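1. Okay, here's the prediction I keep looking at, along with the sequence it came from:
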Amino acid sequence: MIKNIIFDFDGVIHDSTEAMYDLNQKYSGFSREQTRNAFMGNIHDDKEIKKVNNDSFFTDMKRYYDGYSTTKETKDFLEANKDKKLAIVSSSDELIIEEYLIRNGVRRYFLEVLGYRASKSKVIKFGAIADKHGFSKEETIFITDTLGDVHEGNEFGIKTIGVTFGLHSREIFEQGDTHAICSSWSEVQEIIDNM
């Protein structure tokens, strides 16, 4: 039974794919394909991304976040799972994620929000949340839109659900050891309910 859900933010709680394309073009000269490829592993390990000044990048990213509104489908999913322990683990800036969550009235659902300031490794952040909030690996699922996150979830020992309403497609997720691949929140709910 799943009692804990960890969410990636970008491409999951909110589809910021176009912002990722725009900003990675601006800061690293990446094409859309290069941006998708950079997320096949930990984005912070990419040699070109490492050269980017995080403060400048996320100041620009905040301009996008400030215009984002949480979809009804996402809010309904969070409400339907409010009896579980929920957290966010992201490669983005937790400060702008927190602002987004508060502004959209969904901060109350999450025990913890950890971004790049906490660590650039999601494996480390999974461990921090598990230790602090008593998440057992067997009762935890991680929902993400990138194959790189699937690899980090597997490294930590938790199952992952890849969602195709963000950066990576079903075909990309099929290259990894993803527990399930879903194209809607209703599909995600069905997987969780049957685990």
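-> Perfect, thanks for sending it.
2. What distance do you get for the nearest residue to F57 once chain neighbours are set aside to G115?
-> Nearest residue to F57 in three dimensions, chain neighbours excluded: Y27, at 5.7 Å (C-beta to C-beta, 6 or more residues apart in numbering). C-beta here means a position set from N, CA and C on the backbone, and glycine is covered the same way. Remark: distance between Y27 and G115 (C-beta to C-beta, to the nearest Å) = 17 Å.
3. So if I had to pick from those two, which one is more boxed in?
-> Higher neighbour count among Y27 and G115: G115, with 21 against 16, using other C-beta atoms under 10 Å.
4. That one is in contact with Y100, isn't it?
-> No: if you go by C-beta atoms under 8 Å, G115 and Y100 don't touch, sitting 11.5 Å apart.
5. can you pull the contacts of Y109?
-> Shown in contact with Y109 (C-beta atoms under 8 Å, 6 or more residues apart in numbering): L78, E79, K82, L86.
6. pLDDT weak spots in this protein?
-> Counting by pLDDT under 70, the ranges of the chain that qualify are 46, 48, 50.
7. the residue most distant from the middle of it, which is it?
-> Here the chain reaches farthest from its C-alpha mean at G29, the gap being 23.2 Å by C-alpha atoms, centre = their mean.
8. gap between stretch 174-187 and the chain center?
-> 14 Å (C-alpha atoms, centre = their mean, to the nearest Å).
9. The residue farthest from the centre of the chain and E138, how far apart?
-> According to C-beta to C-beta, G29 and E138 sit 43 Å apart.
10. ok so, going back, hang on, the residue nearest to F57 in a helix?
-> Yes: under DSSP: H, G, I helix; E, B strand; the rest coil, Y27 falls within a helix.
11. show me where the chain has helices.
-> 17-28, 32-38, 54-65, 72-80, 94-103, 122-133, 147-156, 170-173, 185-193 (DSSP state H).
12. of those, which approaches I6 most closely?
-> With respect to I6, and counting by C-beta to C-beta, the nearest of the helices of the chain is helix 122-133 at 6.7 Å.
13. what does the closest one contact?
-> Contacting residues not belonging to helix 122-133 are listed as 4, 6, 42, 85, 87, 89, 91, 111-112, 114, 118-119, 135-137, 140, 142, 149, 152-153, 155-156, 158 [C-beta under 8 Å, 6+ apart].
14. from those residues, which would you call buried?
-> Applying 16 or more other C-beta atoms under 10 Å to these, the neighbour count classes 4, 6, 42, 85, 87, 89, 91, 112, 114, 118-119, 135, 140, 142, 149, 152-153, 156, 158 as buried.
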